[in-house]
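Chemist: just coords:
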């Protein structure tokens, strides 16, 4: 069964450094998402991406964050200058058809900012 | 505002006992409701969605628009049901799915 894959599974970075989290969505999916889960807290929506542009973003997704689909298969989340509070599990997800349908999640990338 | 509320952070039941995980939502439009489950060391995965009206692993959930609820139920809990359960709201016309805070179900032997 096709799966959403994410790399790296775990990254430790120093505060202020740039981080890129990578995702390969399921190949025929059209909608892509990043979610975040801080340890012990709930899964939070960050951003959705469709037709090569951001569809919706949350208040968490400030200017430090950006997303890109550089080559038609990868979907990346960049954090420009990491802060301690960016430490979290970041989940990539994809969806075949429109909102309201099943979302398929990757296993997550655990980011630790020190 | 769109919101999903799961009032219980932890639910502990004995094996064979009935279980109900509560979920209430707030949304002015026509909601799409889901239950996602996360077993230990595994990814979030869909358990069931209201529109399909099916039973997965013995779990069912009925959308009650009057009470704005979508509680998850199973008549006889099994140890392998121990996991984190998230209720989620998909908004038609929007581009995000909103998750509740989650309920950790612990089924004791």
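Modeler: Cool, the structure landed. Given the structure is predicted, the values throughout are model-derived calculations rather than measurements. Residues are numbered from 1 along each chain as shown, chains lettered A, B, ... in the order given.
Chemist: which residues touch the lowest-mean-pLDDT helix or strand in chain B?
Modeler: Least confident helix or strand, chain B: strand B:97-99 with a mean of 88, by mean pLDDT, DSSP states H and E. With contacts defined as C-beta atoms under 8 Å, 6 or more residues apart in numbering or on different chains, strand B:97-99 is touched by A:33, A:35, A:42-45, A:99, A:103, B:2-4, B:34, B:36, B:86-91. For glycine as for every other residue, the C-beta is placed from the backbone atoms N, C-alpha and C.
Chemist: One more: stretch A:40-54?
Modeler: A:30-38, A:55-58, A:60-61, A:65, A:67, A:69, A:75, A:77, A:90-91, B:44, B:86, B:95-102.
Chemist: In strands, which of those fall?
Modeler: A:31-37, A:55-57, A:65, A:67, A:75, A:77, A:90-91, B:86, B:97-99 (DSSP state E).
Chemist: residues in chain B within reach of chain A, list them.
Modeler: By the criterion of C-beta under 8 Å from any C-beta of the partner chain, the positions of chain B lying close to chain A are B:32, B:34, B:36, B:42-46, B:49, B:86, B:90-102.
Chemist: what about burial for those, which qualify?
Modeler: Those of the residues of chain B next to chain A that meet the buried threshold are B:32, B:34, B:36, B:43-44, B:46, B:49, B:86, B:90-91, B:94-100, B:102, by 16 or more other C-beta atoms under 10 Å in any protein chain shown.
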